[in-house]
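> Have a look at this prediction, sequence included:
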Amino acid sequence: MSRRMQENVVAFFVLFIFIAAIVASTGYGPRARLVPIPIAAIGALIMIAQIALQNLRSEQDLKVDLLEFISRKATGDHEEETAGEGGSAEPARRRTAAREFGALGLLVLIVGMFLVIGPIPAMFLFTAGYFVLSRHYSVPLGLLYALAGTAAVYVLFDLWLGVDMNAGIYDLGFGLF
Amino acid sequence: MLRKWKSAAAGLAASALLAVLPLAGASAGPVYDGKDVTVIVPNSAAGTMSRYAQMLAPHLAKNLGADNVRIDNQPGAGSLKGTNALWNSKPDGMTIGFTNIPTLLIAQIAESPGVRFDATKFVYLGRVAAEPRLMLVGGNSPIKSVDDIRNLGRPFVFASQGTDEDFYTMVVLASALGYELKIVTGYEGEADTSLAVIKGDADGQMTSWTGSLPQIQAGDKRPIVFATRERQDVAPDVPTAIELLKDETKKGQVEAIADILNLSRGFFGPPGMDEAAVAEMRAAIEKTLTDPEVVKEMAAKDLPIVFAPGEKQQKTVGQVFAAAKDLTPTFKQALAQIK
Amino acid sequence: MVDAIWAGLAALAAPQALGFMVIGVCYGIVIGILPGLGGIVAMALLLPFTWDMDFAPAMGLLLGAHIATIWGSSVTSILFRVPGAAKSIALIFDGFPMTQKGEASRALGASAAAALMGGVIGAVFLAVSIPITRPVMMALGPAEFLMLALWGLTVLATFSEGSILKGLAAAGLGLLTAFIGMDLVTATPRFTFGSIYLLDGISFPVAMIGLFAIAEMMKLFATGGALVERDLTAESSSVWQGVRDAFSHWGLVFRSSLLGLWIGVLPGIGASVGGIAAYAQALRTSKSPETFGKGNVEGVIGPDATLGANEGGGLLPTLALGIPGGEGMAIVLIAFIGLGVVPGPKMLTDHLDLVFTLVWVIALASMVTAVIGLIISPYLARVPSLNNNIIIPLVLSVCVIGAYAARGQVSDVIVAAVFGVIGYVMDKYRYSRATFVIGMVLAVMIERNLHLSISLYGDWFIFKRPVAAIMLVFIVVTTAWPFYRNWKRDRELRKLALAETGRAT
């Protein structure tokens, strides 16, 4: 997907949220919709303007908004934008996408582990796994640091702050479900 | 429906299990010996409700013979979230709740979204405290009595922090005592409504007696009428709404709301709670709350104890519900006014 | 009066009282640093311990912890762009860019020093302002609060991060996000899709953890870069530089402190709004507004001074009227009652020594926090430059656990993760997260006070409330003025710019 395409997907999604908010708000009482509807309406107009702008400009200018450009001049700020990956090649883009999916997977992994095996076991396994698999530490050292970090968090939250962090420790494998 | 069925099934399973347990060789001794009991408090860890629970927990554990009585704060949805959790909990007696009971009843009568329980089916285990609630006006307000409100020539401006029991109490009082109400919602809390009343932005508010005591003493607020059945010793000159009423239906409505408010802070258990556990828990709560040492200790922390037995609470809930059914339209009308 | 001042100090000078204050401060710094937990949590957890104490040690412990959380939360805002609590949100706008420029130590030092000066100014003015508290509280109401919130919102218009259109759209999203849940004004569940969980709305700290912390970790993983590019910008500043900054901007500190004091006095305006208002004020009065959002130390000093002074302000109505000025003070009020002290006007006549004990606690706790802060800052400043393979798993785990600990709700963890993805996308496509957050903070305040103003004073309330009307004029002028001035000065330049981009349109 080209940068412009991606920008459009995001922009249309934001526009969709504003329109959905307007539709949902019409079902509320006059006082309950007094503030949300105008906000969503203004938001929708802004997004329409944004979508128009970003499709009328060349690929290179995409990262620089017209209004932003003017305002930068207006506020006397002439510093320049980072060159960015505006014209970068397709393989680079694909690499980024792969890593982004990796980041998302990481997030899903830690949250999933949290839900399934409980906060403290999840933290230990996650940190230990990351330390070892990233080859940042050797296996024993990684386990040791992960254990130390997890223990510190447990002491801090459970013993000191009194937030119950025991789920999944004694009833191993059940976690919070 | 499904949830009710599930909890009923769980209850059935639990009682079946309990019926089997004695055969398995357990002594006929108390249910709670050496057990861990969880008290769900559907209010924030910072509030008075939690202070009560935390102060009482060790005493309760001692009287139950339990290993530990743990407080589990589950705030949310105006204390409905934790209450829903209790409704779905295992009725083996190891999980009970502690909160302001009127909130639950009124939420159900008003048919609030988020109510996933039937308050009449909870097992009530004992009242810990009762705080009379009353209507107050600002110190500089011309209003000195309910008659003054009726003769105001304009609606009485009521500062409300949301649709809580104070909101509904005020609505019932206004409809029974015969004055028009202009409800102003949007205040952030009692501090905010108090300020509005003192400033004269609004005419009146509802709070507890202790909540307004400093301002009453300073002459910033004036008590007008109590939402209780009897006059209060702390302020014998302030009338109750009931004594100002002649019409029996209206009287009945105010009595219903007064009874609901009088349920106040109390312990309660999930529907179908194990009977042996209920008996033991009620006894232990009574023993704790009637222990002069505990009462003295709590009073010293400004957490007064006004005990009422669970059986009595249970009966009141049943009666009040029958009487309060016809309040639903009044409640709905008030809600429509603020939409 | 003088006797009471010394009596107040003497009560606090006992070793026990000082000891508990230092414990409270250390505890508060740690709580502040942990994501999702703030001063309210710190005090609520300490409350039970104070029940058997005397007044001075109890207040030293409670208020000491509360005050220390301010700087503690600022630390994570500055170093990781993760606000430790809602009130420190304004610190990310310039604090984090300073870290990126290699000025973390300077930012931390400025933050600690500004909070200290704010705390001391707040404490002094607490004593001086007691007689005028009442009239000011009586004069300001919902209409004026609405104007204050709108003033905070005008920061959006001048915010320089990213595209203006996208920034405004992000603010709109933030406003709408804040409306999710049960609307307390009209008892309407909005945007909840029938979910009970959503009735409570999106928890602000949880959304912050997702938007900033989790998103930042995802970005680190995806780009493979470092949180702070050490090769390009070595940590080049010192803590003392920051302290000097705070002192040399004494005018800003003074203005911000007074702002914080009065925001603290008024119930109904939280410290998080205070931080943003302080930032707006710093931006408006700065000589170089264009560098805001890019690591201007003034953007750190202003909010921290306001937050420091806020506590003194919150105590005023608590003491004088028994009406807490904010959530934190509500807990102090509970503690008062537990200690057998009945707040109210009598407090100022009969128990003036206790009032001054509180004044001293605020002043001394601010100092202890600053001293500890200055000692540990150089070490903290190195944390962001640790290897990714250490930072990512640790921060991600702590975020997930912090999101859970904030309210003890499992669903909050999922919400934090969702906001993590949203934050990542917003960052990548340059929809400003800062304006999103400002919208979220101010939404409820705007809506509540708009409804209150209309209910109390009618649709044309602005003409009935002269103070609000003056504030509105002031807002319009201060917002428009820089644009007008620059428009005039740069008219030629602007024509040139339009000509350049003209081909694209």
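Looks like it arrived, so ask away.
> Helix or strand next in line after the lowest-mean-pLDDT helix or strand in chain A, which one?
Ranked by mean pLDDT, DSSP states H and E, the helix or strand of chain A with the weakest confidence is helix A:66-74, at a mean of 47. Per DSSP states H and E, helix A:66-74 leads on to helix A:90-117 as the next helix or strand towards the C-terminus.
> That next one vs chain C: in contact?
Yes: applying Cβ under 8 Å from any Cβ of the partner chain, one finds helix A:90-117 in contact with chain C at A:96, A:99-100, A:102-104, A:106-108, A:110-111, A:114-115. Where C-beta positions appear, they are placed from N, C-alpha and C, glycine not excepted.
> what's the neighbour count on B:Arg229?
Residues near B:Arg229, counting by other Cβ atoms under 10 Å in any protein chain shown, number 16.
> go on, B:Asp147?
The number of residues packed near B:Asp147 is 12, by other Cβ under 10 Å.
> Tell me the backbone dihedrals of it, please.
Note on B:Asp147: its backbone torsions stand at phi -60, psi -40 [degrees, to the nearest 10].
> Could you check how many residues crowd around residue 42?
I'll assume chain A. Residues lying near A:Ile42 (other Cβ under 10 Å) number 16.
> um, chain B though
B:Pro42 has 26 neighbouring residues, counting by other Cβ under 10 Å.
> residues touching residue 130, list them.
No chain specified, so I'll use chain A. A:Tyr130 sits next to A:His136, C:Asn389, C:Ile392, C:Pro393 when contact means Cβ atoms under 8 Å, 6 or more residues apart in numbering or on different chains.
> My question was about chain C, not that one.
Counted by Cβ under 8 Å, 6+ apart, C:Ile130 has contacts C:Leu316, C:Leu319, C:Ala320, C:Leu348, C:Val355.
> Looking at those residues, which has the smallest pLDDT value?
Among those, C:Leu348 carries the lowest pLDDT, at 70.
> Could you identify the longest helix within chain C?
When chain C is parsed with DSSP state H, its longest helix is helix C:104-139.
> just checking, B:Glu311 touches B:Ala283?
No: using Cβ atoms under 8 Å, B:Glu311 makes no contact with B:Ala283, being 11.2 Å away.
> between the two, which one's more packed in?
Neighbours were counted for B:Glu311 and for B:Ala283 using other Cβ under 10 Å; B:Ala283 has more, 17 against 13.
> can you count the residues close to the closest residue to chain A within chain B?
Closest contact between chain B and chain A, by Cβ to the nearest Cβ, is at B:Lys339 (2.9 Å). B:Lys339: 15 surrounding residues under other Cβ under 10 Å.
> Not counting its neighbours along the chain, what's nearest it?
Closest residue to B:Lys339 apart from its sequence neighbours, by Cβ to Cβ, 6 or more residues apart in numbering or on different chains: A:Gly29 at 2.9 Å.
> Check whether the one you found sits in a helix, strand or coil.
Judged by DSSP: H, G, I helix; E, B strand; the rest coil, the three-state class of A:Gly29 is coil.
> count of residues packed around it?
Neighbourhood size, A:Gly29 [other Cβ under 10 Å]: 15.
> Then the one 4 residues further on?
Using other Cβ under 10 Å, the number of residues around A:Arg33 comes to 23.
> C:Asn310 now?
C:Asn310 has 34 nearby residues by other Cβ under 10 Å.
> need the strands for the stretch 201-339 of chain B, in chain order.
Assigned by DSSP state E, counting those that start in this stretch, the stretch 201-339 of chain B shows strands spanning B:204-208, B:221-226, B:265-269, B:308-309.
> closest to C:Ala14 out of those strands?
Minimum separation from C:Ala14 across the strands of the stretch 201-339 of chain B (Cβ to Cβ) falls at strand B:204-208, 35.5 Å.
> tell me the mean pLDDT over the closest one?
For strand B:204-208, the mean pLDDT works out to 92.
> Quick one: residues contacting the closest residue to B:Pro75 other than its chain neighbours.
Among residues not flanking B:Pro75 along the chain, B:Ser44 sits closest, at 4.5 Å (Cβ to Cβ, 6+ apart). Applying Cβ under 8 Å, 6+ apart to B:Ser44 gives the contacts B:Ser50, B:Asn73, B:Pro75, C:Ala44.
> Out of those residues, flag the one nearest to C:Thr188.
Among the contacts of B:Ser44, B:Pro75 lies closest to C:Thr188 (Cβ to Cβ), at 20.8 Å.
> The helix or strand harbouring B:Ala174 relative to strand B:204-208, how many degrees between them?
In this structure, B:Ala174 sits in helix B:165-177 according to DSSP H and E. Helix B:165-177 and strand B:204-208 are oriented at 120 degrees to each other (axes from the mean of the first three to the mean of the last three Cα atoms, to 10 degrees).
> what angle sits between helix B:165-177 and strand B:221-226?
Going by the same axes, to 10 degrees, helix B:165-177 is angled at 60 degrees with respect to strand B:221-226.
> so which of the residues of helix A:90-117 next to chain C is the most crowded?
Greatest neighbour count in the residues of helix A:90-117 next to chain C, by other Cβ under 10 Å, goes to A:Phe114: 28 neighbours.
> Leaving out sequence neighbours, find the closest residue to it.
Closest residue in space to A:Phe114, ignoring its immediate chain neighbours: A:Ala122 at 4.5 Å, by Cβ to Cβ, 6+ apart.
> what residues are up against the residue of chain B closest to chain A?
The neighbours of B:Lys339, taking Cβ under 8 Å, 6+ apart as the test, are A:Tyr28, A:Gly29, A:Pro30, A:Arg31, A:Ala32, C:Thr186, C:Ala187, C:Thr188.
> now it: how far from B:Ala174?
B:Lys339 is 18 Å from B:Ala174, where distance means Cβ to Cβ, to the nearest Å.
> returning to that earlier point: tell me the one of the contacts of A:Tyr130 nearest chain B?
Distance to chain B, by Cβ to the nearest Cβ, is smallest for C:Pro393 among the contacts of A:Tyr130, at 29.5 Å.
> can you tell me the helix or strand for the closest one?
helix C:388-407.
> Tell me how many other residues crowd residue 118.
All of this is about chain A. Number of residues near A:Gly118 (other Cβ under 10 Å) recorded here: 23.
> looking at chain C here, not the other one
Using other Cβ under 10 Å, C:Gly118 has 34 other residues around it.
> looking at it, it is touching C:Ala309, isn't it?
Yes: counting by Cβ under 8 Å, C:Gly118 does reach C:Ala309; the two are 4.1 Å apart.
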